[in-house]
Structures are given as structure tokens and as C-alpha cells.
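Novice: got a predicted structure here, sequence first:
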Amino acid sequence: MIGSQHSTDGPHSAGGRDSAGGQDSAAGRDSAAGGGGRVKIATSIFTEMTELARRTGAVNLGQGVPDLDSPPALLHEVAEAVLAGHNQYPPAYGVPELRQAVAAHQKRRYGLDYAPDGEVLVTTGATEALAATLLALTGPGDEILTLDPAYDAYPAGARLSGAALVPVPLVTEGDGFALDADALRAAVTPRTRVLLFNSPHNPTGKVFRRDELEILAALCREHDLTAVTDEVYEHLVYDGEDHLPLAALPGMRERTVVISSAGKTFNVTGWKVGWICAPAPLTAAVTSVKQFLTYASGTPYQRALAHMLDAVEPWAEELRTLLRGNRILLADGLAAAGLRPYRAEAGYFLQTDVRPWGYQDGFRFCRELPGLAGVVAIPTSAFREGPDPAPWLVRFSFCRRTDALRRAVTGLAAARPRHR
């Protein structure tokens, strides 16, 4: 049974990603050039909200660090690996058993064939996979297309490579979000090299429909783009839906770098074990960069995960059941408090319209919420790279203990403005 375990949130994370999901970075969007050519880093909203939660004792629903148990068998496996002496550098591509398990997983779940030797690369979390991929495939003068709002490692990765990140906003559609195909097509230029695509999507919780994936695939084929897909929430899709990788569509395997990780699937975000699957030339290009970032890491974790990934489905179903219940509890609580939650089809987060409380600005709402309700959340505007069409959206996390969510829901209900 999956319950709570004693864990603490990361120091400044809102997304808590082991992904390309590592933790939400304070550095990316808040840096500004200082005097003398030095970079001055401002305090990010993620750091601010985490400190506010610590100082006030508020329930922190801003972060995506799961406060949930990991599989006991996995923990025993890693302990045994450590005690058996598997504590030195693994091979540069990763432990062979894990590469084999990743390839088998892709074949079993999605029908995608990858050679464990040469087409699978183990990375230090999916965030490193993302950084190494963007550094390998883009450079100054290039453009990277992505959907807005976006996980904040995306603009940081683009800046590292010298490329320009071009955001295309998702549009609200009823109680969810949708792809704006016309805006996406209009954003492509002769300098576009990469489509950086996240599904299931953080921070909206959207799972892209097959017809939307077909639009993205057609765009990549027409303009000869490489797709880089961040799929760290692949096992956390709810309501009977299935995750469909972009690489599984016709003509896409040969032009796609698939990124995923163990952090969200097994509640081990601190282990920082991710991987890419891609055709050999793309994998070699990413490896040529990755070897000078961390080289290789996490030998005992890799060995333990190799066994667990082969049996992921029963565990993932148990985890989905727990998170589905948490999602319902939080969504019902937000609605009962007079707020308007959007539908979350996957992942950890609920988007919420805070205008019913009289707020037009999510930043102001989030800064005042701990004092009003004893709850911390994150303004969705913090994930925007382009103009913000919905500054009143706020992201709440439901990957917490049930008792913490109940405390948050109680606080929100008590803080509901009675005159509205």
C-alpha cells in the first residue's frame, strides 16, 4: 500500500521534477544582467513560496515533490546494491541491465524498438537529459518551439545552448486546455530546429489527444524538426486514458528524442535517474555532451531500477489510484471553497481560476493565501515565457499525504470570501 513517508520538499522546487519534471529552477527566468558582466539572480517565486510555507507553517501545495512511499522492494534492492559494493562509476551509457529494461519497457508499452546498446542512454535525471539534448542539437541562431506555459528548465536549457525558445500558448477549452494548431504553425521559421514537447504536461495536467499529436507530428515531418519529448509523467495518466508517445506516430521514431525518468513513477525524485531513447545518431550526439556534464552517476540506483521497471505496471496502477483520490479530494475542496479548478488528466497538479475570490493576479493571490487559508500554491504565470492570457490561474499540487490535503481543503473552505 502506498502511504506517506517522512520526506521534505526540495529547497526551491515548484515542479519537483526529476524531469526534464528535476526541481523547478530558481535560476532560469529570474536572472538579469548585473554590472561588470556578472549575472544577478533574483529570488524566484518558487523560493519565495517555499520560504513562506516554512515560516507560516502553511500546507505547501506549490511543490511537486511527492510526499508518498516508494516501492519497498525497490528500496531493498538499492540497499543490497550499495552493500554489495556497486558504488563506483557505471558505464557512460548506463548500467546494461537498466538500458535493457528501458528498451523492453518501450517495446512492451508502446511498440517502440530501441537497441539497449546505442539507442538508450541513462542520465542524471531527466533534467540533465534535457540540457544535454538541447546543447547537442541546438546553438546560437536556432529556435526551439515549445508550448506555453512550460516547465522552467526549458528556457534555461535554451539559454545554455544559445538558442531562442519560442513559446506557443495553449488555449483554455472548457475546463481544460487545447493545442492552438494555427498559432503553432505560424511560429515555425527557417531557424526552427527542435520541437520541445511535454506530455503529460506540466503545469496544466493535460494529456494531448491523438489528433493533436498528429498535428505536431505533421509539423515535424514537414519542416524536418527534431522532436524532444519530456514524458516523465507517462505512468500517471488517469480516467482510463493511455499515454501515447509522439515517437509512436508514423515517421516520428527516427526524429524523436524521448526523455523519461524514474522519479515520478517510483516516488524517488532524489535519486536523479533518467534516460533517453533515440536513434543511434541522436543518442551519440547527446552522449557527446552528457559525458562532460556528469559523465555517469547513480550505480546502485540504476541496478535497483532495472529490476523494478520490468514490473512497473502493478505499482503504477496502485500509485494512480492513490493520486486519483487525492485529485478528487483537492478538486472538490477547491470548488467547495468557491474557486474553479480545471480538469487534470495526468500528473500532480490542478490549475485553478482564482477570480471568484476577487483576484485577477495569481502572484498576489499566492502571496496572500498562506495568511488567509494556511495554504501555499504557485502562480501559473511563473511558467509563462510569452504574454500571459490567464494571469488568474494558480497551480495546486495533490502529490501530498491525504491528511495534508484535508488540512488544506479545510483552510480554503474557512477562507472563502462570504460576500461573493
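Specialist: Perfect, I can see it now.
Novice: which residue ranges of the stretch 251-400 of the chain form strands?
Specialist: Secondary structure of the stretch 251-400 of the chain by DSSP state E, counting those that start in this stretch: the strands cover 256-261, 274-277, 340-341, 349-353, 375-376, 378-379, 393-397.
Novice: just checking: what are the partner strands of the fifth one?
Specialist: Paired strands of strand 375-376, with direction, are strand 59-60 (parallel) (DSSP bridges).
Novice: please apply the same query to the third one.
Specialist: Strand pairing for strand 340-341, using DSSP bridges, gives strand 349-353 (antiparallel).
Novice: does Gly205 touch Ala346 like I think?
Specialist: Yes - assessed by Cβ atoms under 8 Å, Gly205 is found in contact with Ala346 at 5.7 Å. Every C-beta, even on glycine, is put in place using the N, C-alpha and C of the backbone.
Novice: returning to what we had before: can you put the strands of the stretch 251-400 of the chain in TSV and add mean neighbour count, mean pLDDT and distance to Val65?
Specialist: Below are the strands of the stretch 251-400 of the chain laid out as TSV (neighbours: other Cβ atoms under 10 Å; pLDDT from 0 to 100; distance: least, Cβ to Cβ, whole Å):
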stretch	mean neighbour count	mean pLDDT	distance to Val65
strand 256-261	29	98	14
strand 274-277	30	98	16
strand 340-341	18	98	21
strand 349-353	24	98	12
strand 375-376	26	96	13
strand 378-379	27	96	13
strand 393-397	28	97	8
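Novice: would TSV of those with distance to Glu368 be doable?
Specialist: Listed next are those as TSV, based on distance: least, Cβ to Cβ, whole Å:
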stretch	distance to Glu368
strand 256-261	35
strand 274-277	37
strand 340-341	18
strand 349-353	15
strand 375-376	11
strand 378-379	12
strand 393-397	11
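Novice: looking at these, which is closest to Leu322?
Specialist: strand 393-397 (13.9 Å; Cβ to Cβ).
Novice: hmm, who's touching stretch 331-339?
Specialist: Applying Cβ atoms under 8 Å, 6 or more residues apart in numbering, the contact partners of stretch 331-339 are 340-341, 344, 350, 352-354, 356-357, 373, 396, 405, 408-409, 412-413, 415-417, 420.
Novice: tell me where the stretch 251-400 of the chain has helices.
Specialist: 263-266, 280-290, 299-309, 312-336, 362-373 (DSSP state H, counting those that start in this stretch).
Novice: Leu130: which element?
Specialist: Counting by DSSP states H and E, the element that carries Leu130 is helix 125-137.
Novice: about what we covered before: just the buried ones from the contacts of stretch 331-339, in ChimeraX syntax?
Specialist: To isolate the buried members of the contacts of stretch 331-339 in ChimeraX, using 16 or more other Cβ atoms under 10 Å:
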select :340,341,344,350,352,353,354,356,357,373,396,405,408,409,412,415
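Novice: re the thing from before, nearest to Ala181, out of the helices of the stretch 251-400 of the chain?
Specialist: helix 280-290 (26.1 Å).
Novice: any chance you could map the strands in the stretch 51-200 of the chain?
Specialist: Under DSSP E, counting those that start in this stretch, the stretch 51-200 of the chain gives strands at 59-60, 120-123, 143-148, 164-169, 171-173, 176-178, 192-198.
Novice: pick the most buried one from those strands.
Specialist: Per residue and on average, the most neighbours among the strands of the stretch 51-200 of the chain fall to strand 120-123, with a mean of 27 (mean count of other Cβ atoms under 10 Å).
Novice: other SSEs contacting it?
Specialist: helix 96-110, helix 125-137, strand 274-277, helix 280-290 (3 or more Cβ pairs under 8 Å, 6 or more residues apart in numbering; DSSP states H and E).
Novice: between these, which one is nearest to Trp392?
Specialist: helix 125-137 (29.0 Å).
Novice: now that closest one: mean pLDDT?
Specialist: For helix 125-137, mean pLDDT is 97.
Novice: next, the angle helix 280-290 makes with that helix.
Specialist: 100 degrees (axes from the mean of the first three to the mean of the last three Cα atoms, to 10 degrees).
Novice: list the residues that contact the closest residue to Glu254 other than its chain neighbours.
Specialist: Leaving out its chain neighbours, the residue that sits closest to Glu254 by Cβ to Cβ, 6 or more residues apart in numbering is Pro279, at 5.4 Å. For Pro279, the contact set (Cβ under 8 Å, 6+ apart) comprises 119, 253-254.
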